[in-house]
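Peer 1: only geometry, no sequence info:
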Ligand code: MV4
């Protein structure tokens with residue numbers, strides 16, 4: 001087992017990883033920017049190293065600074081959390097070269113999944129259901145038009161270097177293709193330095209359902225059921241839950257098999273997520289594979305009673321997993337509490353938390369790095385905390401979430417708590433009838 005893990009991240013996830021390391025008897029090293037010197041991850045780690053100024057590019061994204069911190073503290077592994085360097089091919093490779101275990105995917109796997117057209121070709125070859133579309137990249141505008149005719153409009157142009165909603169455009173009819181082609185290519189070139197595009201049939205009004213998987217160094221792979229992440233806005237998830245209200249035993253089996261095929265196709269080691277779009281007929285299609293721990297891993301932990309960070313560390317250390325799939329017991333919901341103003345288009349509201357009281361009690365979990373008097377810096381994402389509930393049924397989980405939201409007091413910054421309170425009262429949400437379109441029409 002590792003003796004000392006450096007956590008190349010900040011905020012709640014850094015604290016989340018430190019907690020599991022402590023329980024496993026592993027020493028921890030925190031790294032921090034000068035904006036985070038008063039952060040709890042710095043206080044709770046065994047050692048802490050300042051890695052630069054507030055700007056991420058010079059601290060949490062600086063590979064030399066982080067490797068130097070690992071070398072001077074003698075860390076034998078690095079946990080990257082989510083975001084920042086968690087899916088960075090170069091960082092995974094540099095860790096390898098320095099004989100520091102990267103608790104995440106291999107460089108080739110990150111590259112293979114990061115290029116979306118390559119990822120899709122790999123999945124198609126492995127027999128994972130994919131959205132009908134172009135075979136690889138499109139050559140030119142004429143090729144795009146030809147493909148769209150065959151696929152049948154509406155279609156979607158996607159940047160192969162994109163993902164998470166960046167670099168894509170829906171095209172409803174041929175007259176729109178030229179502008180869409182030029183626009184998406186220019187955008188992709190500017191954003192990713194890569195203007196490769198591919199095309200898919202546009203699935204109108206899908207559900208976003210993802211499957212948690214784990215694979216070990218011996219080829220054992222299991223799935224840990226689904227999370228429904230359809231409640232999102234501008235590709236930012238707001239609420240996640242498991243099981244999905246749209247799920248059936250048959251669909252879970254089908255998606256579980258597909259996710260395991262996906263993981264085996266790339267010899268996946270570690271914990272990961274296979275994202276699917278699911279249409280009204282419950283046909284599911286591979287969308288992306290995430291080779292990191294995700295923000296919403298918590299709800300899976302609550303219903304399968306398993307520590308996914310511990311699982312990640314064990315797999316990285318070469319310990320075998322059973323290969324048995326995990327099915328949910330009870331129902332878990334997570335609300336992301338952000339320092340944002342829901343009355344003003346969710347604009348960021350950084351600043352000092354002047355007063356703080358968090359809910360507790362049976363079935364309530366809060367993952368956070370904040371406390372009364374903490375200042376949320378404007379340099380990073382605006383998440384304050386993740387409020388997670390678990391109960392026996394969905395109805396009980398919603399009631400528990402309402403109760404917990406009512407108990408939550410955060411003063412000094414605007415938060416998304418009022419939005420979540422309104423959502424928990426919504427009739428359609430309570431019926432469990434929603435898709436990725438939900439937030440387009442929800443009045444809050
Ligand atoms: C799609 C789609 C419909 N059809 N692809 C958005 C994020 C990126 N991972 C892919 N996305 C989508 N791809 C086809 N062929 C609709 C979306 C999409 C979406 C997906 C999941 C959750 C929310 C979404 C919101 C808008 C569009």
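Peer 2: Perfect, I can see it now. Source: prediction; values computed, not measured.

Peer 1: quick check: residues of this protein near the ligand?
Peer 2: 131, 156, 163-165, 200-203, 206, 208, 232, 235, 277, 287-288, 436 (C-beta under 6 Å from any ligand atom). No exception for glycine: its C-beta is placed from N, CA and C like everyone else's.

Peer 1: again, only this time at 8 Å
Peer 2: 131, 133, 155-156, 158, 162-165, 168, 170, 200-204, 206, 208, 229-230, 232, 235, 275, 277, 285, 287-288, 436-437 (C-beta under 8 Å from any ligand atom).

Peer 1: can you list which of those residues are found in strands?
Peer 2: 155-156, 158, 162-163, 168, 170, 200-201, 208, 229-230, 232, 275, 277, 285, 287-288 (DSSP state E).

Peer 1: hmm, back to that, which of the residues of the chain next to the ligand count as buried?
Peer 2: Among the residues of the chain next to the ligand, those scoring as buried are 131, 133, 155-156, 158, 162-163, 168, 200-203, 206, 208, 229-230, 232, 275, 277, 285, 287-288, 436 (criterion: 16 or more other C-beta atoms under 10 Å).

Peer 1: any idea how far residue 434 is from residue 344?
Peer 2: 24 Å (C-beta to C-beta, to the nearest Å).

Peer 1: between the two, point out the one with more neighbours.
Peer 2: Shown here are residue 434 and residue 344; by other C-beta atoms under 10 Å, residue 434 has more neighbours (20 against 9).

Peer 1: ok and the residue in the stretch 1-150 of the chain nearest the ligand?
Peer 2: Residue nearest to the ligand within the stretch 1-150 of the chain: residue 131 (4.5 Å; C-beta to the nearest ligand atom).

Peer 1: quick one: that residue and residue 198 touch, right?
Peer 2: No. Applying C-beta atoms under 8 Å as the test, residue 131 and residue 198 come out as separate, 10.3 Å apart.

Peer 1: ranges for the strands of the stretch 301-444 of the chain?
Peer 2: 331-338, 340-341, 347-348, 351-352, 355-357, 364-368, 375-376, 383-391, 409-411 (DSSP state E, counting those that start in this stretch).

Peer 1: for residue 402, which of those strands is the nearest?
Peer 2: strand 383-391 (9.5 Å; C-beta to C-beta).

Peer 1: what packs against that closest one?
Peer 2: Contact partners of strand 383-391 among helices and strands, from 3 or more C-beta pairs under 8 Å, 6 or more residues apart in numbering; DSSP states H and E: helix 11-23, helix 297-304, strand 331-338, strand 364-368, helix 394-407.

Peer 1: what pairs with that strand, and is each one parallel or antiparallel?
Peer 2: Counting by DSSP bridges, the strands paired with strand 383-391 are strand 331-338 (antiparallel), strand 364-368 (antiparallel).

Peer 1: what are the buried residues along that strand?
Peer 2: 383-391.

Peer 1: same question for stretch 108-122.
Peer 2: In stretch 108-122, the ones that count as buried by 16+ other C-beta under 10 Å are 109-122.

Peer 1: from those, which land in helices?
Peer 2: 109-114, 116-122 (DSSP state H).

Peer 1: where do the helices sit along the stretch 151-300 of the chain?
Peer 2: 177-192, 249-265, 297-304 (DSSP state H, counting those that start in this stretch).

Peer 1: contacting residues for the residue nearest the centre of the chain?
Peer 2: Nearest to the mean C-alpha position of the chain, by C-alpha atoms, centre = their mean, lies residue 294 at 3.7 Å. Contacts for residue 294 were tallied using C-beta atoms under 8 Å, 6 or more residues apart in numbering; they are 82, 210, 273.
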